[in-house]
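Visitor: any chance you could fold what I've pasted below:
(one chain, ligands or ions: 3)
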Amino acid sequence: MGDYELLSKIKSPADVKRLDEKDLAKLCSEIREKLIETVSLNGGHLSPNLGVVELTVALHRTFNLPKDSIVWDVGHQSYTHKLLTGRFDDFYTLRQKGGISGFPKRSESKYDDFNTGHSSTSISAAYGIARAKMLSGDQSHTVAVIGDGSFTGGLAFEAMNNAGRFKKNFIVILNDNKMSISKNVGAFPRYLTTVRIQPWYIRVKKNTEKVLSKIPLFGRPISAFLRRSKSKIKNLVYKNTLFDCFGFTYIGPIDGHDIPELENALSAAKKINSPVLLHVVTKKGKGYLPAEENPGTFHGIGKFDIDSGEPISSHKGFSAEFGNTLCELAEKDKKICAITAAMAKGTGLEKFSIYHKERFFDVGIAEEHAVTFACGLASKGMRPVFAVYSTFLQRSYDQIIHDAAMSGLHIVLAIDRAGIVGDDGETHQGVFDVSMLNSIPNVTIFSPTYFDGLKCALNSAIYVCNNVAAVRYPRGGELYKPDDFGEESITYDIYGNKDCGKLIITYGRLFSYACKAKEMLAEKGIEVCILKLCKIKPIDPSAFDFATEFNTVWFFEEGIKTGSVARNFGDALLARQFNGCYHIKTIGDKFVKQMSVSEALHMLKLDAEGMADVVLEDLDRIGNR
Ligand SMILES: Cc1ncc(C[n+]2csc(CCOP(=O)(O)OP(=O)(O)O)c2C)c(N)n1
Ligand SMILES: CC(=O)[C@@H](O)[C@H](O)COP(=O)(O)O
Ligand SMILES: [Mg+2]
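Guide: Ligands and ions are numbered 1, 2, ... in the order given. Predicted coordinates for the structure are as follows:
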């Protein structure tokens with residue numbers, strides 16, 4: 001552990017400003033040490049943070065937070081910002097229950113201007129902040145910091161299109177490290193390559209401006225005339241980048257690890273009375289060799305050994321199982337296509353991208369486009385499978401309704417990270433997809449518990465369904481499976497004594513906890529049966545009939561309450577004049593903060609102890625023990 005001689009004394013950005021320029025290299029090296037140490041113990045986003053250390057220091061030396069505002073896109077690179085804004089002492093709690101969040105949070109600090117977690121929102125939010133400041137006569141500056149990966153999201157372009165008309169200073173910093181989580185792909189990253197290799201660009205522009213400002217035309221400098229002109233000559237004199245076309249003055253590319261150069265560029269940008277795009281080139285993972293060599297692996301990582309760079313634990317998860325299964329299916333079926341919105345690694349599609357290159361599509365961080373693109377493929381007879389984290393699928397609600405379900409198109413959604421995800425916290429919990437999809441006609445949803453169930457469900461989604469078919473599975477791997485539980489069925493399974501009068505209904509990974517709860521209750525002399533659903537929409541009607549045979553029924557669900565399967569099941573029971581007791585235990589309609597998955601499920605009473613407690617409490621309340 002380092003002694004953090006300089007960093008430990010930084011209590012606010014004012015202390016960063018006070019530092020002598022000659023001490024900045026030491027400060028940056030202490031920051032990197034702290035980042036590596038903390039992430040190795042808690043897990044987190046390492047390579048994005050190592051890449052922006054100098055940029056963050058320069059930002060805090062040039063701007064005056066909290067008067068000026070900085071919006072961090074995604075926010076996964078905001079750790080240095082946190083360390084420099086009074087959170088050094090608590091930084092050891094990063095991503096832990098009750099601790100410092102891995103993302104900016106307005107509730108955590110007055111220096112965090114906007115909550116982020118999902119990508120490509122920064123320019124829109126910052127522009128809104130800048131307009132609000134203008135309306136209230138506030139002269140302070142507003143900056144959005146967005147990565148080259150996040151810039152591939154449509155929302156970023158919508159914001160640029162809108163913000164380019166602004167008549168005040170507004171700064172967008174493009175942090176270009178040539179990487180999304182994996183290699184950044186598409187036309188925009190290709191375009192950046194051409195811009196990046198022209199380091200002379202801004203100088204030529206400045207010199208040209210200087211020369212032209214001395215040549216009069218109709219009594220005014222020719223530069224002033226040309227700047228307002230729409231003529232093609234202007235484009236010859238001032239080379240236009242894509243950003244200039246949006247109405248932004250382009251400055252760059254700047255070495256993002258050179259603090260004096262960054263401070264100069266930022267100070268220049270502050271003086272321009274219109275939108276500015278500052279292009280900064282950085283190295284993802286800078287300063288820690290394993291992260292420099294494998295920025296994707298260290299993008300988001302669990303605990304790891306600092307010396308070797310090796311993860312402390314690794315397990316075979318649902319993502320790998322999904323990726324391997326899809327790869328095998330695609331071997332035999334040339335119509336299967338795989339789509340990812342920049343998440344090939346996390347969703348287990350890397351193998352597919354190698355073996356079926358021509359049918360693999362990384363569309364960039366563009367979940368809306370991914371769904372509509374899948375619809376296009378489906379309309380011509382292909383079998384598209386869009387692998388996406390539950391939380392990011394939220395972006396595609398309209399496309400699923402308007403482009404897929406309404407047209408009766410057959411697309412498959414492989415929904416990873418379904419349910420509680422843990423340390424990333426509320427922005428990343430996969431607890432809305434079921435409610436969202438439950439509200440859309442023509443959608444089938446499978447939520448298997450085990451790897452075999454996943455394979456079966458994927459097969460059904462691709463070959464049995466002919467509409468929008470979703471298969472959802474959690475972060476991590478398989479959990480407990482009782483020895484006497486056979487193979488998972490695609491519709492539903494019954495586990496336990498059908499005549500015991502008490503029934504627990506659940507689906508997905510909660511079945512494992514329900515089985516343990518069943519054992520705990522048995523030790524107290526209470527027998528329960530379990531109805532495990534796999535197809536949660538539409539539910540096989542015989543499952544409703546089965547449930548009506550019980551006196552007391554509990555539905556445990558790892559999702560929000562509104563639109564839940566539990567509610568739908570209750571409606572079906574009512575329609576069947578069920579007159580027993582029906583208890584629902586879901587997450588409720590709330591956001592779940594960061595903590596480990598087991599802590600969250602425990603807090604929500606959705607783990608084994610929680611389920612057993614709920615059953616006992618309810619039985620006591622209704623006097624039916
Ligand atoms: C809507 C959405 N989709 C996917 C993600 C997952 N994600 C987080 S960071 C990231 C890559 C961002 O790349 P970039 O903006 O270049 O930042 P870098 O990590 O390279 O600094 C992705 C795909 C997300 N946060 N939000
Ligand atoms: C910041 C972001 O959105 C991703 O990096 C996300 O944190 C990945 O989550 P997993 O670690 O579950 O892949
Ligand atoms: Mg990047």
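Visitor: where does residue 197 land on pLDDT?
Guide: In this prediction, residue 197 carries a pLDDT score of 72.
Visitor: now do the contacts for it.
Guide: Taking Cβ atoms under 8 Å, 6 or more residues apart in numbering, we find residue 197 in contact with no residue. Using the backbone N, CA and C atoms, a C-beta is placed for each residue, glycine as well.
Visitor: residue 143 - that's part of a strand, no?
Guide: Yes: remark: residue 143 belongs to a strand, assigned using DSSP: H, G, I helix; E, B strand; the rest coil.
Visitor: can you list the residues of the stretch 351-500 of the chain near ligand 2?
Guide: Proximity of the stretch 351-500 of the chain to ligand 2, by Cβ under 6 Å from any ligand atom, involves residues 417, 421, 424, 428, 475.
Visitor: these into TSV, with extra columns for secondary structure and pLDDT?
Guide: As requested, those are arranged in TSV below (DSSP: H, G, I helix; E, B strand; the rest coil; pLDDT from 0 to 100):
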residue	secondary structure	pLDDT
417	coil	98
421	coil	97
424	coil	98
428	coil	98
475	coil	97
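Visitor: buried ones among these?
Guide: When burial is judged by neighbour count using 16 or more other Cβ atoms under 10 Å, the buried members of these are 417, 421, 424, 428, 475.
Visitor: was I right about the fourth one contacting residue 389?
Guide: I take that to be residue 428. Yes: between residue 428 and residue 389 a contact is recorded at 7.5 Å, counting by Cβ atoms under 8 Å.
Visitor: and for the two, which residues touch both?
Guide: Both residue 428 and residue 389 are contacted by residue 417, under the criterion Cβ under 8 Å, 6+ apart.
Visitor: just want the most central residue of the protein.
Guide: Centroid-nearest residue in the chain, with Cα atoms, centre = their mean: residue 118, separated by 4.6 Å.
Visitor: for the residue of the chain found nearest ligand 3, which non-adjacent residue is spatially closest?
Guide: Going by Cβ to the ion, ligand 3 is nearest to residue 147 of the chain, at 3.8 Å. The spatially closest residue to residue 147, leaving aside those adjacent along the chain, is residue 175, at 4.9 Å (Cβ to Cβ, 6 or more residues apart in numbering).
Visitor: in a helix, that neighbour, correct?
Guide: No: counting by three-state DSSP, residue 175 is located in no helix; its state is strand.
Visitor: hey, what's it bridged with?
Guide: In this structure, residue 175 bridges to residue 147, residue 280 when assessed by DSSP bridges.
Visitor: contact partners for it?
Guide: Counting by Cβ under 8 Å, 6+ apart, residue 175 makes contact with 51, 52, 55, 77, 145, 146, 147, 148, 256, 280, 282.
Visitor: distance check, it against ligand 1.
Guide: If you measure residue 175 against ligand 1 using Cβ to the nearest ligand atom, to the nearest Å, the figure is 6 Å.
Visitor: same thing with residue 256?
Guide: With distances defined as Cβ to the nearest ligand atom, the gap from residue 256 to ligand 1 amounts to 11 Å.
Visitor: next: residue 609.
Guide: Distance check for residue 609 against ligand 1: by Cβ to the nearest ligand atom, it reads 33 Å.
Visitor: what of residue 492?
Guide: Separation of residue 492 from ligand 1 (Cβ to the nearest ligand atom): 33 Å.
Visitor: average pLDDT for stretch 444-453?
Guide: Computed over stretch 444-453, the mean pLDDT rounds to 98.
Visitor: what strand or helix carries the residue of the stretch 351-500 of the chain found nearest ligand 1?
Guide: Ligand 1 sits closest to residue 392 of the stretch 351-500 of the chain, with a gap of 4.1 Å, by Cβ to the nearest ligand atom. Per DSSP states H and E, residue 392 falls inside helix 390-393.
Visitor: give me the buried positions along that helix.
Guide: Result for helix 390-393 [16+ other Cβ under 10 Å]: buried residues 390, 391, 392, 393.
Visitor: re earlier: okay if I get the contacts of residue 175 as CSV plus distance to residue 536?
Guide: Listed next are these as CSV, based on distance: Cβ to Cβ, whole Å:
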residue, distance to residue 536
51, 41
52, 41
55, 45
77, 37
145, 40
146, 37
147, 36
148, 38
256, 47
280, 46
282, 44
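Visitor: just the closest of these to ligand 2, please.
Guide: The shortest separation between ligand 2 and any of the contacts of residue 175 is 9.1 Å, and it belongs to residue 77 (by Cβ to the nearest ligand atom).
Visitor: pLDDT value on the closest one, please?
Guide: We note a pLDDT of 98 for residue 77 in this prediction.
Visitor: ok, now residue 313?
Guide: Per-residue pLDDT puts residue 313 at 83.
Visitor: give me every residue that touches the residue of the stretch 401-550 of the chain found nearest ligand 2.
Guide: For the stretch 401-550 of the chain and ligand 2, the shortest gap (Cβ to the nearest ligand atom) falls at residue 424, measuring 4.7 Å. Contacts for residue 424 (Cβ under 8 Å, 6+ apart) come out as 95, 102, 103, 117, 594.
Visitor: what do you get if the cut-off is 7 Å, keeping everything else the same?
Guide: By Cβ atoms under 7 Å, 6 or more residues apart in numbering, the contact set of residue 424 is 102, 594.
Visitor: show me which of the buried ones among the residues of the stretch 351-500 of the chain next to ligand 2 neighbour ligand 1.
Guide: Of these, not one also sits near ligand 1 (Cβ under 6 Å from any ligand atom).
Visitor: which among the residues you listed gets closest to residue 330?
Guide: Proximity of these to residue 330 (Cβ to Cβ) peaks at residue 417, which lies at 22.4 Å.
Visitor: count the neighbours of the nearest residue to that closest one once chain neighbours are set aside for me.
Guide: Take residue 417 and drop its neighbours on the chain: the residue closest to it by Cβ to Cβ, 6+ apart is residue 389, 4.3 Å away. Using other Cβ atoms under 10 Å, residue 389 is surrounded by 23 other residues.
Visitor: look up how far residue 348 lies from residue 389.
Guide: 12 Å (Cβ to Cβ, to the nearest Å).
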